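Predicted model, plus sequence, below.
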Amino acid sequence: RSIGILDRVRASPLSTRDVVMGAAITVMVTGMIAATLVTVLSTVVFGASWGRPLDVAVIMFAFVVSVAGLLGLVVGFARTEPQADSWTSLMAFGFGVLAGSFFGGTSLPGVLGVIGTLTPNGAAMRALIEAGPGGEGLAGVWYLLVWMFAIGVGGVVVGGLLLNRRLR
């Protein structure tokens, strides 16, 4: 909006849904490239063992879809660009703390471990741990995959509806 692109997009035959989906796909492609780089480089440089490559790819894809959905919600709720930036930073840091990205929260007992697993990064960490080397594979983490995909699809749908309503 600040540089006038939104007005040009609104004048085009694209629907709000198309714009939100385009943004979500961009986030997902960028996220998959980043996840692939982290996985490959950590394996090559540090000898990390992630488990079966297809399992890791599916888990990473589910994580990226969930992040795209959350960004869709931010786009739908935020009224200004600075507000969207603030909410994105708050969400990233808050979910990092809740999920234990800084201190291993998904392995915490009780309610704290459950809360950590409800965040996309916590669900992804738990899925990678449980499906990883010596784990059960995707069959053991199906519920986490469903949860991450639900966050993603739900966020994009709700964000798109909110944005569409606001732009009318």
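Ah, there it is.

for the residue nearest to the spatial centre of the chain, helix, strand, or coil?
Computing the C-alpha centroid of the chain and ranking residues by C-alpha atoms, centre = their mean puts residue 67 first, at 1.7 Å. Under DSSP: H, G, I helix; E, B strand; the rest coil, residue 67 falls in the helix class.

thought it was touching residue 119?
No - between residue 67 and residue 119 no contact is recorded; they are 10.4 Å apart, counting by C-beta atoms under 8 Å. Heads up, the C-betas are built off the backbone N, CA and C, glycines and all.

in what helix or strand does residue 163 lie?
helix 142-167 (DSSP states H and E).

Show me what the mean pLDDT comes to for that helix.
Average pLDDT, helix 142-167: 88.

now swap in stretch 20-27 and tell me
81.

Ok, stretch 92-107 next?
73.

Flag every buried residue along the top helix by length along the chain.
Counting residues, the longest helix found in the chain (DSSP state H) is helix 16-46. Using 16 or more other C-beta atoms under 10 Å as the test for burial, helix 16-46 gives 16, 19, 20, 21, 23, 24, 27, 28, 31, 32, 35, 39.

got the buried residues for the helix or strand harbouring residue 126?
Using DSSP H and E, residue 126 sits within helix 120-131. Buried residues in helix 120-131, counted by 16+ other C-beta under 10 Å: 120, 121, 122, 123, 124, 125, 126, 127, 128, 130, 131.

Enumerate every residue touching the spatially closest residue to the first one that is not a sequence neighbour.
Residue nearest to residue 120 in three dimensions, not counting chain neighbours: residue 66, with 3.8 Å by C-beta to C-beta, 6 or more residues apart in numbering. Residue 66 makes contact with 120, 123, 124, 147, 148, 149, 151, 152, 155 under the criterion C-beta atoms under 8 Å, 6 or more residues apart in numbering.

just to revisit the earlier point, the longest helix of the chain: how far from the chain's middle?
10 Å (C-alpha atoms, centre = their mean, to the nearest Å).

For the remainder of this discussion, apply numbering that starts at 49.
From this message on, residue numbering opens at 49, which makes the last subject helix 64-94.

just checking, what packs against that helix?
Under the contact definition 3 or more C-beta pairs under 8 Å, 6 or more residues apart in numbering; DSSP states H and E, helix 64-94 sits against helix 101-125, helix 190-215.
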